[in-house]
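**Student:** Fold the following and give me the result.
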Amino acid sequence: MGLEDNPASDLTLAEKRRALDEYRTKWDTLNPIQKWEREVADFDYGHQASGHGVCGFVADTQKFIEFLTLKSVSRGIPRKEWKLPLPEFDFFNFAIYPPADALAVVERRAG
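**Tutor:** Next comes the predicted model:
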């Protein structure tokens, strides 16, 4: 799983094992308190990017990048959606970095 022991922890090995088992059980029995479904037209999503809780995607037939954040009650994050128009040039791809409010859009050029 890629987990490593923290030797600075005050927990005994048995307590650490119990915490790990509880963590796994909670994920295995996850029951969402809220479900959100979205209907989309009959098309495939093209370019996608995500980072730091923000997802962005471009529908192949649309002229915008759509973004969304999922709601987190425990972290105080509201659910939010917004759109940005695609640039007028020959769009190739994009990347996002929400902590810096950064969006990089890549242009396709011949040659």
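
**Student:** Can I get the worst-scoring helix or strand of the chain on mean pLDDT in PDB, CA atoms only?
**Tutor:** Lowest by mean pLDDT, DSSP states H and E among the helices and strands of the chain is strand 45-51, with a mean of 76. Only the C-alpha atoms of strand 45-51 are listed here, as PDB (Å, rounded to 0.1, in the frame of the first residue of the first chain):
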ATOM      1  CA  TYR A  45     -15.100  14.000 -22.900                       C
ATOM      2  CA  GLY A  46     -11.800  15.000 -24.500                       C
ATOM      3  CA  HIS A  47      -9.100  16.800 -22.600                       C
ATOM      4  CA  GLN A  48      -9.100  16.500 -18.800                       C
ATOM      5  CA  ALA A  49      -7.000  17.800 -15.900                       C
ATOM      6  CA  SER A  50      -7.300  17.900 -12.200                       C
ATOM      7  CA  GLY A  51      -5.400  19.100  -9.200                       C
END
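
**Student:** Okay, now the sheet partners of that strand, with direction.
**Tutor:** Using DSSP bridges, the strands paired with strand 45-51 are strand 54-59 (antiparallel).

**Student:** tally of neighbours for Gln48?
**Tutor:** Counted with other C-beta atoms under 10 Å, residues neighbouring Gln48 total 12. All C-beta spots, glycine's among them, are computed from the backbone N, C-alpha and C.

**Student:** Could you do Pro87 as well?
**Tutor:** For Pro87, using other C-beta under 10 Å, the count is 13.

**Student:** Check the spacing between it and Lys35 real quick.
**Tutor:** Applying C-beta to C-beta, to the nearest Å, the value for Pro87 to Lys35 is 35 Å.

**Student:** ranges for the helices of this structure?
**Tutor:** Per DSSP state H, the chain carries helices over the ranges 13-28.

**Student:** Show me the strands in it, by range?
**Tutor:** 45-51, 54-59, 64-69, 80-85, 91-97, 102-107 (DSSP state E).
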